[in-house]
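# show me how the following folds:
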Amino acid sequence: MAERMALDGKDEFARRYVELARKIGMKYLVRMPRRYKKNFCKKCLSYLIPGKNCRVRLKKGKVIISCLVCGEKKRYPFKR
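Residues are numbered from 1 along each chain as shown. Below you'll find the model as predicted:
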């Protein structure tokens, strides 16, 4: 639902859905799957859409995702 709201331009609803998903996961001690965890910013909880509110760069064997809302950067390794 967060992805759908973010694509429609309703960023506050998308942020709220991300926040609820994290709270539910923490309450029941369930890890969030990696594919969902990479799609939101841990600092401001905004749902990340490349080109709209995040920047994706490849540098020295890493994927660098920069949030354009708060400036937070996430780095993930990748194989060439």
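# C-alpha from now on. contacts and neighbour counts both.
OK.
# need the phi and psi values for the residue nearest to the spatial centre of the chain.
Closest residue to the average C-alpha location of the chain: residue 40 at 1.3 Å, with Cα atoms, centre = their mean. Per-residue torsions, residue 40: phi -140, psi 160 (degrees, to the nearest 10).
# for the top helix by length along the chain, packing partners?
Assignment by DSSP state H gives helix 11-27 as the longest helix of the chain. With contacts taken as 3 or more Cα pairs under 8 Å, 6 or more residues apart in numbering; DSSP states H and E, helix 11-27 sits against helix 2-8.
# residue 72 touches residue 46, doesn't it?
No: contact criterion Cα atoms under 8 Å: residue 72 and residue 46 do not qualify, at 11.0 Å.
# who has more neighbours, those two?
Per other Cα atoms under 10 Å, whichever of residue 72 and residue 46 has more neighbours is residue 46, with 27 against 14.
# could you pull up the residues touching the more buried one?
11, 14-15, 18, 40, 69 (Cα atoms under 8 Å, 6 or more residues apart in numbering).
# just the buried members of those residues?
11, 14-15, 18, 40 (16 or more other Cα atoms under 10 Å).
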